[in-house]
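**Q** Structure for this input, please:
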Amino acid sequence: MSEAEESDQRRLARNLNELLQELRVAQAGVQILFGFLLSIAFTEKYAAVSGYIRVTHLVTVLCAAVAVAFLTAPAAWHRVLFRQGRREEVVRSGNTFALTGLAFLALAMTGTVLLLAEVILGGWPAVMVGALAFAIFTGLWFLLPLASAHGAQDGERP
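**A** Numbers count the residues shown, from 1 in each chain. Below you'll find the model as predicted:
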């Protein structure tokens, strides 16, 4: 193996390790959220909630489940493919899975905030709180990093 190939392999190993470390943080949070969301359906008060709350809750649970699937997928891919020398594919796919998982986690968090706001405030104020949560997650997790990357490509420092 040439020095350049070894260097590429070290870079890929570092990238994979960084990706898996980042995902450990997100996985723990989304799994706790998922468990919390599941437990709500088994409370006495849940039987009396409106159809709107039930649908919002179900969509939120489904978003959390999809987030768990995507945020866990890179570790599963690594486990299945690591001995086949396909680290580059694992890193590339893992990055896509992580971003998709974070998008679904943002939706699940937004749904959770909306549900809580609906119980506390109800009506349009709850929808506004949910929209604010969505804007914060979208801005911090996606729009600001993309703007920073775009600025860096234009030669600006973020």
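
**Q** Just give the nearest non-adjacent residue to residue 34, would you?
**A** With Cβ to Cβ, 6 or more residues apart in numbering as the measure, residue 64 is the residue that lies nearest to residue 34, at 4.3 Å, once sequence neighbours are left out. (Each C-beta comes from the backbone N, C-alpha and C, glycine too.)

**Q** Report the distance from the longest helix along the chain to the chain centre.
**A** Ranked by number of residues, the top helix in the chain under DSSP state H is helix 3-40. Relative to the centre of its chain, helix 3-40 is centred 11 Å away, using Cα atoms, centre = their mean, to the nearest Å.

**Q** list the helices and strands that helix packs on?
**A** For helix 3-40, the elements it packs on are helix 51-81, helix 87-120, judged by 3 or more Cβ pairs under 8 Å, 6 or more residues apart in numbering; DSSP states H and E.

**Q** Of all those, which one comes closest to residue 148?
**A** When those are compared by Cβ to Cβ, helix 87-120 sits nearest residue 148, at 15.2 Å.

**Q** what angle do whatever helix or strand comes next after the closest one and helix 51-81 make?
**A** Beyond helix 87-120 in the direction of the C-terminus, DSSP states H and E gives the next helix or strand as helix 123-138. Between the direction of helix 123-138 and that of helix 51-81, the angle (axes from the mean of the first three to the mean of the last three Cα atoms, to 10 degrees) works out to 20 degrees.

**Q** still on that earlier bit, ok and the longest helix of the chain relative to helix 87-120, angle-wise?
**A** Using the same axes, to 10 degrees, the inter-axis angle of helix 3-40 relative to helix 87-120 is 20 degrees.

**Q** Please identify the buried residues of helix 3-40?
**A** Judged by neighbour count using 16 or more other Cβ atoms under 10 Å, the buried positions of helix 3-40 are 12, 15-16, 19-20, 23, 26-27, 30, 33-34, 37, 40.
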